[in-house]
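1. Need coordinates for the below:
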Amino acid sequence: MARLLPLLVIALGIFFWYRSRRNAAGRPGSAASSAPGLSKEAAALGFLPQDRQDTERLTHDPQIDGAREAAEHGAWEPAARAMAAIGRDWERRTALVIALAHVAAEEDAWLTAWQAACPGDPGAAAVRARSTVFLAGKLRGSGYAKDTSAEQFEAFHRVLLRAREDIALAMELDAEDPSPHVSDLWAGLGLGYPHAYVDELWAEITTRAPFHFEAHYGALQYWCAKWHGSEELARAFADKAAAGAPAGTLLPALRLIAHFEHLDRPLSAKHYRTPEVAAMTDAVLADLPAVRPDHPRLAEVRHLLAFFLVQQKRHAEALEQFRAVDGCVGSLPWDYFGDPAKLYCDYRERAVQGAK
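-> Next comes the predicted model:
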């Protein structure tokens, strides 16, 4: 019997180990229960797994996506048609310019063909202006200044100066379009425009489109401490924009962005649970019903809301935002971190489990 006792202990150990593994496999979020980043509960709600989250795209927009995909295949005509169809809808026009400019910064033969076929086309000129800004950023790289070579900095500034020429031409070809002015804001981040110049530029933008979200986002970046302002200037800019905005502009979200941009530990929950931040979150939620469904930045604001709401343990409200944006995670706040799809799915899972 004494000789059988060790065997019995081993057998019992194997039994309990197997049972614990089997029970773990049935728990939400375990690797055995479903695909990575997808618990059984999340799957039942129709959410997509981590490997099906598009980290390059903010949202699905058939009009903008179609023009961009055609440009990626070398055809400019769909881009020109989309530009004409959007017309003077400045928010969507700027979004289309940005989407096409990203393509042109990688390969611009299709844009060169567009400009050759339609000399003086203001839409093509606006795309060219923003693409040159993107090209400058590509040449510099995304590393910290200490990790960036003198050659990279030289190319960055040289191309940004060329971008100013492209921007000036786009402004001349369509004096009403704010998108070249928005491109100038982003050029100013790299060239270090003085505050007085940006104030003048901002007056030009708001004369054309006083509640343009994309323009406000670019200006907020300029006023952040990491660029050419400070936390106080960024918050003041966001407060002023949000206070004077009509419903449906998404501008109350600028306060959340300014808050997020100036956190030393952006994933620490304590930064999101003050009464002030909760009130800022509520103001954005209150603005959503008035926002047009095709607003090109609506998805990003929903992503930001979902993040803030999870941090505030308002899981049911966060889950509503996750339902609206699942599948595209190329957005604040996820793309500020190394693995945006994983972080997104982790926070989504917190909402799923917390809302039960």
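
2. in stretch 154-162, what's buried?
-> Going by neighbour count (16 or more other CB atoms under 10 Å), the buried part of stretch 154-162 is Ala155, Phe156, His157, Val159, Leu160. (Each C-beta comes from the backbone N, C-alpha and C, glycine too.)

3. Tell me how far Ala168 lies from Ala126.
-> 12 Å (CB to CB, to the nearest Å).

4. Please identify which of those two sits among more neighbours.
-> The neighbour comparison of Ala168 against Ala126 (other CB atoms under 10 Å) goes to Ala126, with 31 against 14.

5. pLDDT averaged over the helix or strand hosting Ala84, what's the number?
-> Taking DSSP states H and E as the definition, one finds Ala84 inside helix 77-86. Averaging pLDDT along helix 77-86 gives 98.

6. domain ranges for this protein?
-> The chain is divided into the following domains under automatic domain parsing: 36-58+213-356, 60-209.

7. per-residue pLDDT, the residue lying closest to Trp227 once chain neighbours are set aside?
-> The spatially closest residue to Trp227, leaving aside those adjacent along the chain, is Leu189, at 5.2 Å (CB to CB, 6 or more residues apart in numbering). At Leu189, the model reports a pLDDT of 95.

8. shouldn't Leu189 be in contact with Trp223?
-> No - checked against CB atoms under 8 Å, the pair Leu189 and Trp223 is beyond contact range at 10.4 Å.

9. Quick check on these two: which one has the bigger neighbour count.
-> Neighbours were counted for Leu189 and for Trp223 using other CB under 10 Å; Trp223 has more, 23 against 19.

10. Let me see the contact set for that one.
-> Taking CB atoms under 8 Å, 6 or more residues apart in numbering, we find Trp223 in contact with Gly229, Ser230, Leu233, Ala234, Phe237.

11. Let me know the distance separating it from Gly188.
-> According to CB to CB, Trp223 and Gly188 sit 11 Å apart.

12. same deal with Thr206?
-> 16 Å.

13. So which of those two has more stuff around it?
-> Gly188 (23 against 17).

14. was I right about the more buried one contacting Trp202?
-> No - applying CB under 8 Å, one finds Gly188 not in contact with Trp202, separated by 10.5 Å.

15. what is the mean pLDDT for stretch 61-69?
-> 97.

16. Just the CA coordinates for that stretch, please, in PDB.
-> Taking Å, rounded to 0.1, in the frame of the first residue of the first chain, the C-alpha atoms of stretch 61-69 are listed here in PDB:
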ATOM      1  CA  ASP A  61     -16.800  54.800 -46.200                       C
ATOM      2  CA  PRO A  62     -17.900  53.600 -49.600                       C
ATOM      3  CA  GLN A  63     -17.400  56.900 -51.400                       C
ATOM      4  CA  ILE A  64     -14.000  57.700 -50.000                       C
ATOM      5  CA  ASP A  65     -12.800  54.000 -50.000                       C
ATOM      6  CA  GLY A  66     -13.800  53.500 -53.600                       C
ATOM      7  CA  ALA A  67     -11.800  56.600 -54.700                       C
ATOM      8  CA  ARG A  68      -8.800  55.600 -52.600                       C
ATOM      9  CA  GLU A  69      -8.800  52.000 -53.900                       C
END
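
17. average pLDDT for the lengthiest helix in the chain?
-> The residue-count maximum for a helix in the chain (DSSP state H) belongs to helix 150-173. Helix 150-173 comes out with an average pLDDT of 93.

18. distance of the residue nearest to Trp227 from Gly330?
-> Applying CB to CB to Leu189 and Gly330 gives a distance of 20 Å.

19. And for Asp239?
-> Relative to Gly330, and taking CB to CB, Asp239 is found at 28 Å.

20. And those two? Which one has more around it.
-> Ranked by neighbour count (other CB under 10 Å), Asp239 and Gly330 place Gly330 first, with 18 against 15.

21. So that one: helix, strand or coil?
-> Of the three states, Gly330 takes coil according to DSSP: H, G, I helix; E, B strand; the rest coil.

22. Isn't it up against Asp54?
-> Yes - assessed by CB under 8 Å, Gly330 is found in contact with Asp54 at 6.6 Å.

23. what's the helix or strand where Arg255 lies packed up against?
-> According to DSSP H and E, Arg255 maps onto helix 253-261. Contact partners of helix 253-261 among helices and strands, from 3 or more CB pairs under 8 Å, 6 or more residues apart in numbering; DSSP states H and E: helix 213-223, helix 231-243, helix 275-287, helix 298-311.

24. Not counting it itself, show me its contacts.
-> 216-217, 220-221, 224-226, 231, 234-235, 237-239, 241-242, 266, 271, 277, 280-281, 283-284, 287, 301, 304-305, 308, 332-333.

25. Just name the closest of the contacts of Trp223 to Gln353, please.
-> Distance to Gln353 across the contacts of Trp223 (CB to CB) is lowest for Ala234, with 34.1 Å.

26. The closest one and Thr207, how far apart?
-> For Ala234 relative to Thr207 (CB to CB), the value is 23 Å.

27. Same drill for the two, tell me which one is more crowded.
-> Ala234 (26 against 11).

28. Tell me where the stretch 1-150 of the chain has helices.
-> Assigned by DSSP state H, counting those that start in this stretch, the stretch 1-150 of the chain shows helices spanning 4-25, 40-44, 62-72, 77-86, 90-106, 109-117, 122-140, 150-173.
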